[in-house]
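*Asks:* What follows is a protein structure lacking sequence information:
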């Protein structure tokens, strides 16, 4: 089976399941899809990609909190908010020197999810992380299915 079709099939099935799980648990389905996206976009795959995505998503949530609370220290000084945002964005990129924080888009995905979630990290974090697990399951099961079908095709019956 074509790898793209296998990934599409498992992603479609698990996306529907994620939608149900998110609603059932009171999570943010859109944030879960961002977690999924982070895993698919991470240049590392397997368990290493899962761990790197986890670390970068969580660091993004933390950095967003720094921006939110740092900007709120003097709300009448808009320049402070812009400065805090600039400094934090710089640090979000620089932290990529560390292997576990090397996926910069994951950091920005975590931060953006936090901003979109109005800073409510207690709901954003579980939504992102469960979505990340679903992304891992989507890709892993799709690759498994493609490999399984490929082996079946190459076996010649006697």
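*Replies:* Cool, got the structure. In this text the structure is predicted, and so the values were computed from the model without any measurement. Numbers count the residues shown, from 1 in each chain.

*Asks:* so what's residue 27 up against?
*Replies:* 21, 123, 126-127, 130 (Cβ atoms under 8 Å, 6 or more residues apart in numbering). Quick note: C-beta positions are derived from backbone N, CA and C, even for glycine.

*Asks:* Repeat the analysis, applying 6 Å as the threshold.
*Replies:* Residues in contact with residue 27 (Cβ atoms under 6 Å, 6 or more residues apart in numbering) are residue 127.

*Asks:* tell me which strands and helices the helix ranked longest in the chain is in contact with?
*Replies:* Longest helix of the chain, by residue count under DSSP state H: helix 121-154. Counting contacts by 3 or more Cβ pairs under 6 Å, 6 or more residues apart in numbering; DSSP states H and E, helix 121-154 is packed against helix 3-25, helix 29-41, helix 46-72, helix 104-116.

*Asks:* on contacts alone, who are the packing partners of the longest one?
*Replies:* Applying 3+ Cβ pairs under 6 Å, 6+ apart, we find helix 46-72 packed against helix 29-41, helix 78-94, helix 104-116, helix 121-154.

*Asks:* for this structure, which spans come out with low pLDDT?
*Replies:* The chain contains residues with pLDDT under 70 at 152-158.

*Asks:* mind checking how far the spatially most central residue of it is from residue 7?
*Replies:* Central residue of the chain (Cα atoms, centre = their mean): residue 35, 2.5 Å from the mean position. According to Cβ to Cβ, to the nearest Å, residue 35 and residue 7 sit 17 Å apart.

*Asks:* And for residue 136?
*Replies:* From residue 136 to residue 7 the distance is 13 Å (Cβ to Cβ).

*Asks:* Looking at the two, which is more packed in?
*Replies:* A direct count of neighbours by other Cβ atoms under 10 Å for residue 136 and residue 7 places residue 136 higher, at 22 against 18.

*Asks:* Wait, that one touches residue 49, no?
*Replies:* No - with contact defined as Cβ atoms under 6 Å, residue 136 and residue 49 do not form a contacting pair (7.9 Å).

*Asks:* What is the neighbour count of residue 62?
*Replies:* Counted with other Cβ under 10 Å, residue 62 comes out at 17.

*Asks:* cool, and residue 48?
*Replies:* For residue 48, using other Cβ under 10 Å, the count is 12.
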